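Please find the sequence and the predicted model below.
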Amino acid sequence: MKADNPEDAIDEFLGVPALEPEKGDWGFKGLKQAIKLEFKLGRYEMAVEHYTELLTYVKSAVTRNYSEKSINNMLDFIEKNAEDEQAHQCIEKFYSKTLDSFQATNNERLWLATNTKLARLWLAQKDYPRLTEKVRELHQACQREDGSDDPSKGTYSMEAYALEIQMYADTRNNKRLKGLYNRAIGVRSAVPHPKIMGIIRECGGKMFMSEENWKAAQSAFFESFRSYDEAGSMQRIQVLKYLVLTTMLMGSDINPFDSQETKPYKND
């Protein structure tokens with residue numbers, strides 16, 4: 001029904017909460033499905049309205065872990081399916097309402113995840129003043145009271161570094177980029193997603209290229225390629241081209257396709 005007649009499906013899903021004597025699991029699931037369909041159909045105001053209703057379930061009607069996972073998945077869904085300016089404005093409302101809701105319940109993990117998504121949105125929109133402020137807020141939230149890095153929040157800290165590094169790469173501020181890059185790759189307390197390390201190393205490689213430091217660039221691009229490859233990201237192909245180029249500029253006799261990681265791409 002969802003695929004053949006989404007409008008009727010929305011009505012069906014929105015009818016589920018009324019069938020429960022009190023807020024519960026089925027109503028929560030019904031609202032989730034309705035919101036996804038409304039967003040895909042471009043009914044953004046209705047999606048925001050029903051998302052606001054969905055957030056009232058997280059305080060008592062469903063378990064904390066289940067609600068956190070569901071909200072995270074919902075935010076990932078709308079981020080991937082946003083195709084126009086109106087959709088991006090809607091996303092900001094989703095993030096804002098999520099932050100308000102989970103600040104009240106003191107759910108720090110979801111607060112960090114949502115703020116990271118918001119910072120990603122502002123990077124995509126090139127809204128650098130708001131991005132700068134948000135990244136500063138994220139870094140502070142990832143520190144202990146004494147100012148040292150909190151290892152339990154290392155993943156979010158590294159993503160904040162990646163966002164900031166991309167901003168300085170976009171604005172060609174190599175001085176700030178270099179200091180931040182060296183700080184980020186020196187972090188040992190975090191095990192970030194390989195895609196995040198791929199982004200950081202790629203930006204570092206381009207920075208070293210601008211300095212004509214071909215050896216450092218080649219090393220950074222190789223590490224970036226390995227990370228993207230591990231993450232299954234197609235960006236590995238673009239980085240592989242940079243790796244080949246910097247190897248040539250180095251005047252090195254080493255074949256970049258001799259390594260175990262790059263060999264499968266030799267004929268691409």
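Great, that's in hand.

Next, the contact list for the residue nearest the centre of the chain, please.
In the chain, the centroid-proximal residue (C-alpha atoms, centre = their mean) is Lys117; its distance is 5.3 Å. Shown in contact with Lys117 (C-beta atoms under 8 Å, 6 or more residues apart in numbering): Leu75, Glu79, Tyr95. Heads up, the C-betas are built off the backbone N, CA and C, glycines and all.

what's the closest of these to Glu85?
Using C-beta to C-beta, Glu79 is the member of the contacts of Lys117 that lies nearest Glu85, at 14.8 Å.

what about the closest one, which helix or strand?
Element membership for Glu79, per DSSP states H and E: helix 64-81.

Redo the contacts of Lys117 as CSV? Include pLDDT, distance to Ala190 and neighbour count.
As requested, those are exported to CSV (pLDDT from 0 to 100; distance: C-beta to C-beta, whole Å; neighbours: other C-beta atoms under 10 Å):
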residue, pLDDT, distance to Ala190, neighbour count
Leu75, 92, 22, 20
Glu79, 90, 23, 17
Tyr95, 93, 23, 19
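
Quick check: of these, which lies closest to Trp122?
Lowest distance from Trp122 to the contacts of Lys117 (C-beta to C-beta) belongs to Tyr95, with 10.3 Å.

secondary structure element for that closest one?
Residue-wise, Tyr95 maps onto helix 85-104 under DSSP H and E.

Report the distance from the next helix or strand after that helix to the chain centre.
Moving toward the C-terminus from helix 85-104, the next helix or strand (DSSP H and E) is helix 108-124. Computed by C-alpha atoms, centre = their mean, to the nearest Å, the chain-centroid distance of helix 108-124 equals 7 Å.

Name the residues of helix 108-124 that come out as buried.
Within helix 108-124, the residues scored as buried using 16 or more other C-beta atoms under 10 Å are 110-123.

What mean pLDDT does that helix get?
Mean per-residue pLDDT for helix 108-124: 91.

May I have the helix or strand following it as PDB, with CA atoms only?
Next along the chain after helix 108-124, taking DSSP H and E as the criterion, comes helix 128-141. The C-alpha atoms that make up helix 128-141 are tabulated as PDB, following Å, rounded to 0.1, in the frame of the first residue of the first chain:
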ATOM      1  CA  TYR A 128      30.300  29.000   7.800                       C
ATOM      2  CA  PRO A 129      29.400  31.400  10.700                       C
ATOM      3  CA  ARG A 130      26.800  29.000  12.100                       C
ATOM      4  CA  LEU A 131      29.000  26.000  11.400                       C
ATOM      5  CA  THR A 132      31.900  27.600  13.300                       C
ATOM      6  CA  GLU A 133      29.700  28.200  16.300                       C
ATOM      7  CA  LYS A 134      28.200  24.700  16.300                       C
ATOM      8  CA  VAL A 135      31.600  23.000  15.900                       C
ATOM      9  CA  ARG A 136      32.900  25.000  18.900                       C
ATOM     10  CA  GLU A 137      29.900  23.800  20.900                       C
ATOM     11  CA  LEU A 138      30.500  20.200  19.900                       C
ATOM     12  CA  HIS A 139      34.200  20.300  20.900                       C
ATOM     13  CA  GLN A 140      33.300  21.700  24.300                       C
ATOM     14  CA  ALA A 141      30.600  19.000  24.800                       C
END
